[in-house]
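> prediction below, plus the sequence it came from.
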Amino acid sequence: MPRLLARRRHRRDAAAHAADAPGEQRIVDLQRRREALTARAAELQWDLGGLVYEMVIRNRVRVDVLVRRAAVLQDADAELGEVQRILRSEQTGATGACGVCAAPHSSGAVYCWQCGSSLLPQIRGDEIAAP
Ligand SMILES: [Zn+2]
């Protein structure tokens with residue numbers, strides 16, 4: 001699945017870039033990301049609904065296909081939720097990137113929404129560094 005790899009690589013580059021960028025630019029990037037993810041989640045949901053309908057009228061419901069498609073929607077939803085949490089907590093700072101996959105996370109996150117790694121040691125480090 002080269003497309004998925006390309007997407008992850010792009011996301012890592014974007015996260016690395018956001019870390020260098022000033023706070024304002026980072027917020028603008030996150031707002032753009034939120035808009036893109038909102039549109040993507042809506043489109044995926046629409047497609048999934050259409051797919052279920054097509055399967056039902058043909059009396060050939062493929063649960064494995066539906067589960068795969070739902071998982072893609074769930075990923076987009078999870079990232080959207082995290083971006084929204086980051087934007088909400090942007091005033092208080094204390095956001096970061098996953099040490100394993102570099103996905104952005106909010107201050108309250110315990111596990112990385114993307115790769116499932118624990119974020120607790122990172123959060124503790126941030127709190128110690130803060131004045
Ligand atoms: Zn991660």
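Cool, the structure landed.
> strands along the protein, start to end?
96-97, 104-105 (DSSP state E).
> so for the first one, what's the average pLDDT?
It stands for strand 96-97. Average pLDDT, strand 96-97: 80.
> ok so, going back, most tightly surrounded among the strands of the chain?
strand 104-105 (a mean of 24; mean count of other CB atoms under 10 Å). Backbone N, C-alpha and C define where each C-beta goes, glycine included.
> who does that strand touch, helix- and strand-wise?
helix 63-89, strand 96-97 (3 or more CB pairs under 8 Å, 6 or more residues apart in numbering; DSSP states H and E).
> let's see that with 10 Å instead.
Counting contacts by 3 or more CB pairs under 10 Å, 6 or more residues apart in numbering; DSSP states H and E, strand 104-105 is packed against helix 2-20, helix 23-57, helix 63-89, strand 96-97.
> relative to the ion, which of the ones you listed is closest?
Counting by CB to the ion, the ion lies closest to strand 96-97 out of those; the figure is 8.3 Å.
> what lines up beside that closest one in the sheet?
Applying DSSP bridges, strand 96-97 is found paired with strand 104-105 (antiparallel).
> tell me the mean pLDDT over the partner strand?
Average pLDDT, strand 104-105: 82.
> can you check stretch 41-58 too?
The average pLDDT within stretch 41-58 is 97.
> name the residues of stretch 73-91 that are buried.
L73, D75, A76, D77, E79, L80, E82, V83, R85, I86, L87, E90 (16 or more other CB atoms under 10 Å).
> could I get these as CSV with distance to the ion?
CSV is the format used below for the buried residues of stretch 73-91 (distance: CB to the ion, whole Å):
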residue, distance to the ion
L73, 20
D75, 12
A76, 16
D77, 17
E79, 11
L80, 16
E82, 11
V83, 14
R85, 15
I86, 14
L87, 19
E90, 20
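> could I get these as CSV with pLDDT?
Converted to CSV, these look like this (pLDDT from 0 to 100):
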residue, pLDDT
L73, 96
D75, 94
A76, 95
D77, 94
E79, 94
L80, 94
E82, 90
V83, 91
R85, 84
I86, 84
L87, 83
E90, 69
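> for G81, what are its contacts?
G81 makes contacts with L37, A41, S106, W113, as judged by CB atoms under 10 Å, 6 or more residues apart in numbering.
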